[in-house]
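Chemist: All I have is the shape, not the residue letters:
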């Protein structure tokens, strides 16, 4: 049967509208907002690489690369800055863009990540640095610190010599974007990748005054995130970029000296940075221990940004809820001051960078609800 041009046009319009409808943000979210969009500024090519934390005072900080001449990564752009926006009301409204790190033309800072020290109320923001005019392809690892909930930041500190071997000078190495953690005992921990020799854990035992490096390579592991399990073991959830298109889990019971490695077929992955954080712990008085995981839930494309919950320390995961079905890449999770969950992710081929918030009740379709422990428990 031959279709008329008019009928074909109707089918095309219907198909386009159906696709647009399918790619809308999920229904039932508490709030969502595009925080960084380069189309609003002719002088910026794109924003990429989201990092999200909740400051000690409850403010939400969303940091990201501001890529000026092009959307290229660190090796291909001589003008990348680290910028952020803040929310004082659990992500409902946001400040104008604030600049955290801005070097002269020819020097770039990229891939922000943060750790909140709950004991000192300080925030550490890490990034990777390169001087493309004088030392192209030489990666340096930097950190800045804030003691006022991210309103002001210290001068950059180069910690490359503390967390990387001298013989790695010319290697492709970088601190993983997103966030690191503080253990229950106060240790700060983060992930650093050397594409030639594997992923390594680095951290601090003195609240960021100095940094240590654990010389045990973890493989397979590209961009990774670390969490502390209830029994004190460390668990790394890793992007692996292998043919199975799944995540890998590495666990250490001796603070990083040795690791056991297992594929994680529950968590399919197209080869993309993801996010894993602890939501609640029975040690803090909650009735359940919960962890959250977010990634592009697909085997072949960076699509379907999905958030899952685990009640058994990552042994099993829920099917989760898809926040956005369209193009979605890097993501970063945080727990908001009101107990809701916030996720900050790259959307629609990096043209938008979306913040979304939702409740545990919504995530679990009413099967679980966040309840803050009573005082004294």
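Modeler: Sure thing, it's come through. Computed from a predicted model, the values in this text were never measured in an experiment. Numbering: from 1, shown residues only.
Chemist: hey, let's count contacts and neighbours off CA atoms from now on
Modeler: Fine.
Chemist: can you give me the helices in the stretch 51-200 of the chain?
Modeler: 160-163 (DSSP state H, counting those that start in this stretch).
Chemist: could you pull out the strands for the stretch 251-377 of the chain?
Modeler: Applying DSSP state E, counting those that start in this stretch to the stretch 251-377 of the chain gives strands spanning 260-268, 275-280, 290-296, 303-310, 321-335, 341-347, 352-358.
Chemist: what inclination does the longest one have with respect to strand 341-347?
Modeler: Taking axes from the mean of the first three to the mean of the last three Cα atoms, to 10 degrees, strand 321-335 and strand 341-347 form an angle of 120 degrees between their directions.
Chemist: elements contacting strand 321-335?
Modeler: Where contact means 3 or more Cα pairs under 8 Å, 6 or more residues apart in numbering; DSSP states H and E, strand 321-335 is packed against strand 46-54, strand 178-179, strand 275-280, strand 290-296, strand 303-310, strand 341-347.
Chemist: Also the fourth one?
Modeler: Using 3+ Cα pairs under 8 Å, 6+ apart as the contact criterion, the elements in contact with strand 303-310 are strand 290-296, strand 321-335.
Chemist: Just the buried residues of that strand, please?
Modeler: For strand 303-310, burial by neighbour count (16 or more other Cα atoms under 10 Å) applies to 303, 304, 305, 306, 307, 308, 309, 310.
Chemist: circling back: out of the helices and strands packed on strand 303-310, the one nearest residue 53 is which?
Modeler: strand 321-335 (5.4 Å; Cα to Cα).
Chemist: give me every residue that touches the closest residue to residue 123 other than its chain neighbours.
Modeler: Closest residue to residue 123 apart from its sequence neighbours, by Cα to Cα, 6 or more residues apart in numbering: residue 116 at 4.6 Å. Neighbouring residues of residue 116 by Cα atoms under 8 Å, 6 or more residues apart in numbering: 53, 54, 55, 56, 122, 123, 124, 181, 182.
Chemist: still on that earlier bit, between the helices and strands packed on strand 303-310, which gets nearest to residue 48?
Modeler: The nearest among the helices and strands packed on strand 303-310, by Cα to Cα, is strand 321-335 at 8.5 Å.
Chemist: Next, work out how far apart residue 263 and residue 251 are.
Modeler: 12 Å (Cα to Cα, to the nearest Å).
Chemist: between the two, which one's more packed in?
Modeler: Neighbour count, other Cα atoms under 10 Å: between residue 263 and residue 251, residue 251 has more, with 22 against 16.
Chemist: Quick check: the more buried one touching residue 229?
Modeler: No: using Cα atoms under 8 Å, residue 251 is not in contact with residue 229, being 9.3 Å away.
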